[in-house]
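*Asks:* Following is a predicted model, sequence given first.
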Amino acid sequence: MDEETLDKQTAESIRTSLVTWFRENCRELPWRELDDPYAVWVSEVMLQQTQVATVIDYFNRWMEAFPTLQDLADAELDDVLGLWAGLGYYRRARMLHEASQSLRETGMPTTHAELLEVKGIGAYTAGAISSIAFGIAVPAVDGNVKRVVARLFALEDVWTSKGEGKVWEIAEELVDPESPGDFNEGMMELGATICRPKNPKCLLCPVRESCQAFALGTPETYPEPKPRKKPKKQTTRVVAHRRDDEVYVVRAEDGGLLGGLWGFPSSDAQSEDAPSDPVGEVVHVFSHIRMTYELHESSETPEFPQMEGRWVPIRDLGDLPMSVAMKKVAALLSMG
DNA sequence: AACTCGGGGTC
DNA sequence: GACCCAGAGTT
């Protein structure tokens, strides 16, 4: 970091103001009351691209089902995904499960470098766990921190690799060596509650006096918005197979969209002829796909030879995981 | 550097 | 609708 951007006195002022503010104003969140590196890990993975308010209930249910790393390692994937269903980005749950099994003997890594080697733990999450659970003075830069740093130093570019690198450099100089966890949580808490994307509450901000964007009078204009692409339109044909009075679902192949979750057997609607006239459609928007599910019904049971545990009546799904998208499709059936 | 991975809160 | 969320892995 060059000193024209950040002098030592400014840095010290920001960190003491921020840490003091955080300790007086932090929200009571379930993972803040446990003092458990495993709980910090679980919460940080759930919080990837997911808002705090959404995570709270999932976190409590998860910790009740899998209180320790060993409990998670012993769990079945279906139970793991079942507790994750609705959170999205299901690979997070699969990687958490796998990682818990590879760490069964050693327990949680306690250094930044070791944490970075764990599947599903990247630069942000390694920084968060290191600082919050182990008191290691490393930065943790998420979307909130990018926005806060961008405004403090009037940076427009935080989304290119160059701009992101700059934010990490600043965060590294800024992080409080005495209380890195409170500092990093404070930056994120500030971004979530005060330094919001729109309508920031600058009059309540503890670091307002150090904020260049506030001084310029246009805090909202920093940083530049992340470039986004429109979700591509795509159609998937799904089939509700009926036998007797039951509708059957299957488990989607791992790896792809909604992999590992249960739902109607699907095929690309591009080339082949439809098996029947569709009985309904639902649209579900993913981050990168605007998907139209075209529902067909069939009384044929072509794949039923492999009945052992593979085809399950939707009525008997129980706690098996089904995505929100497939639940939308299922809702079509009951509307008749 | 671009792409793949969900779903929901909020304006 | 648009925008964003305590991102990571793969290509």
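*Replies:* Arrived safely, thanks for sending.
*Asks:* only C-alpha atoms for contact and neighbour calcs from this point on.
*Replies:* OK.
*Asks:* wouldn't residue A:236 be in contact with residue A:290 here?
*Replies:* No - with contact defined as C-alpha atoms under 8 Å, residue A:236 does not reach residue A:290; the gap is 10.6 Å.
*Asks:* what is the mean pLDDT for stretch A:214-226?
*Replies:* For stretch A:214-226, mean pLDDT is 97.
*Asks:* right, is that stretch up against DNA strand B?
*Replies:* No - against DNA strand B, stretch A:214-226 shows no contacts by C-alpha under 7 Å from any atom of the strand, the least distance being 10.9 Å.
*Asks:* Name the surrounding residues that touch the helix or strand hosting residue A:146.
*Replies:* Here residue A:146 is covered by helix A:143-152, with elements defined by DSSP states H and E. With contact meaning C-alpha atoms under 8 Å, 6 or more residues apart in numbering, helix A:143-152 is reached by A:155-158, A:164, A:167, A:170-171, A:187-188, A:190-192, A:195, A:197, A:210-214, A:219, A:222-223.
*Asks:* let's go with 6 Å and repeat that
*Replies:* Contact with helix A:143-152 is made by A:187, A:188, A:191, A:211, A:212, A:213, A:222, A:223, as judged by C-alpha atoms under 6 Å, 6 or more residues apart in numbering.
*Asks:* now it: mean pLDDT?
*Replies:* 98.
*Asks:* Relative to the whole chain's centre, how far out is that helix?
*Replies:* 19 Å (C-alpha atoms, centre = their mean, to the nearest Å).
*Asks:* Pull up the gap between the closest residue in space to residue A:285 that isn't next to it in sequence and DNA strand B, please.
*Replies:* What sits nearest to residue A:285 in space, not counting adjacent residues and going by C-alpha to C-alpha, 6 or more residues apart in numbering, is residue A:291, at 5.9 Å. Separation of residue A:291 from DNA strand B (C-alpha to the nearest atom of the strand, to the nearest Å): 10 Å.
*Asks:* Likewise for residue A:128?
*Replies:* Residue A:128 sits 18 Å away from DNA strand B, going by C-alpha to the nearest atom of the strand.
*Asks:* how about that residue, secondary structure?
*Replies:* helix (DSSP: H, G, I helix; E, B strand; the rest coil).
*Asks:* what number of residues lie near the residue in the stretch 1-150 of chain A that DNA strand B sits nearest to?
*Replies:* Residue nearest to DNA strand B within the stretch 1-150 of chain A (C-alpha to the nearest atom of the strand): residue A:88, separated by 3.2 Å. Applying other C-alpha atoms under 10 Å, we find 16 residues neighbouring residue A:88.
*Asks:* Angles on the backbone of it, please.
*Replies:* Backbone torsions of residue A:88, given as degrees, to the nearest 10, read phi 80, psi 170.
*Asks:* quick one, helices of the stretch 51-200 of chain A?
*Replies:* Taking DSSP state H, counting those that start in this stretch, the helices of the stretch 51-200 of chain A run over residues A:52-65, A:69-74, A:77-84, A:91-102, A:112-116, A:123-134, A:143-152, A:161-174, A:180-193.
*Asks:* Same list (the ones you listed) but as JSON lines, adding distance to residue A:228.
*Replies:* JSON lines is the format used below for the helices of the stretch 51-200 of chain A (distance: least, C-alpha to C-alpha, whole Å):
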{"stretch": "helix A:52-65", "distance to residue A:228": "23"}
{"stretch": "helix A:69-74", "distance to residue A:228": "36"}
{"stretch": "helix A:77-84", "distance to residue A:228": "26"}
{"stretch": "helix A:91-102", "distance to residue A:228": "22"}
{"stretch": "helix A:112-116", "distance to residue A:228": "28"}
{"stretch": "helix A:123-134", "distance to residue A:228": "21"}
{"stretch": "helix A:143-152", "distance to residue A:228": "15"}
{"stretch": "helix A:161-174", "distance to residue A:228": "16"}
{"stretch": "helix A:180-193", "distance to residue A:228": "21"}
